[in-house]
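1. Structure here, sequence nowhere to be found:
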DNA sequence: CATTTGATGTTCT
DNA sequence: GAACATCAAATGC
């Protein structure tokens, strides 16, 4: 079968942790303006479980201008500004009002590497190009401007290219940068390709 | 190599 | 004011 764009039903899965694991090995693609398609293999993800997860922006049912996107039905992008500089890309999952999301933390460049180098102002294709949530967003031209955009459209989407990963190829550890979340910081909800160099931390 | 620091918008106290 | 799902450049070994 040809490359297949993931359908809305994929994102409406109710187990955000299982979905986070399943997104590793899929291919994130963007296309803006008249630029060529840029894409990369998803190598690292983190699950954020809505209202009950102290690391989540939606913890305790918090609704703000920023977080309202997370409460929509799964299958759209949640992009927000971190530290006033970095645009972080998340996949909204589950049904409406559940506020579950998966943060994409790293990709391995596939198509459009020259465009990514240009956007990032780099000379060489190396992990620092797209390994890290702020980095991959800049490489793929993802910004808060596409917050709420449908992931089955032609601006940003995710493809299944038939790669199947067994459990020993995927490592799960605690999430990055969520020390403030108390005991929830210990949850092993970060998934990454064990053998990949394209990871945000060693 | 490791550690420190500056950049900087939104949200919450 | 302070904290924050971060990064890059500068500084110290």
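-> In hand now; what should we look at? The structure presented is a predicted model; accordingly, all values stated were derived computationally and were not measured.
2. now the helices: where do they sit in chain A?
-> Under the criterion DSSP state H, helices of chain A are mapped to A:8-11, A:16-23, A:113-120, A:133-139.
3. Tell me which of those lies nearest to DNA strand B.
-> Of all the helices of chain A, it is helix A:133-139 that lies closest to DNA strand B, at 9.1 Å by CB to the nearest atom of the strand. Every C-beta, even on glycine, is put in place using the N, C-alpha and C of the backbone.
4. ok, stretch A:112-125 near DNA strand C or not?
-> Yes - Stretch A:112-125 lies in contact with DNA strand C when judged by CB under 7 Å from any atom of the strand; the contacting residues are residue A:120.
5. pLDDT on that stretch, on average?
-> Along stretch A:112-125, the predicted local confidence has a mean pLDDT of 96.
6. Buried residues of that stretch, list them for me.
-> Of the residues in stretch A:112-125, those scored as buried under the neighbour-count criterion (16 or more other CB atoms under 10 Å) are A:112-113, A:115-117, A:119.
7. which two in these are spaced the farthest apart?
-> With distance counted by CB to CB, no two of the buried residues of stretch A:112-125 lie farther apart than A:113 and A:119, which are 10.8 Å apart.
8. Please enumerate the strands of chain A.
-> A:4-5, A:27-30, A:38-49, A:77-82, A:86-93, A:100-109, A:156-160, A:170-173, A:190-193 (DSSP state E).
9. TSV please, covering these and showing mean neighbour count and distance to residue A:56.
-> Conversion of the strands of chain A to TSV gives the following (neighbours: other CB atoms under 10 Å; distance: least, CB to CB, whole Å):
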stretch	mean neighbour count	distance to residue A:56
strand A:4-5	14	27
strand A:27-30	22	21
strand A:38-49	25	4
strand A:77-82	19	11
strand A:86-93	24	10
strand A:100-109	26	8
strand A:156-160	19	21
strand A:170-173	16	18
strand A:190-193	22	14
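10. Alright, I will stop here.
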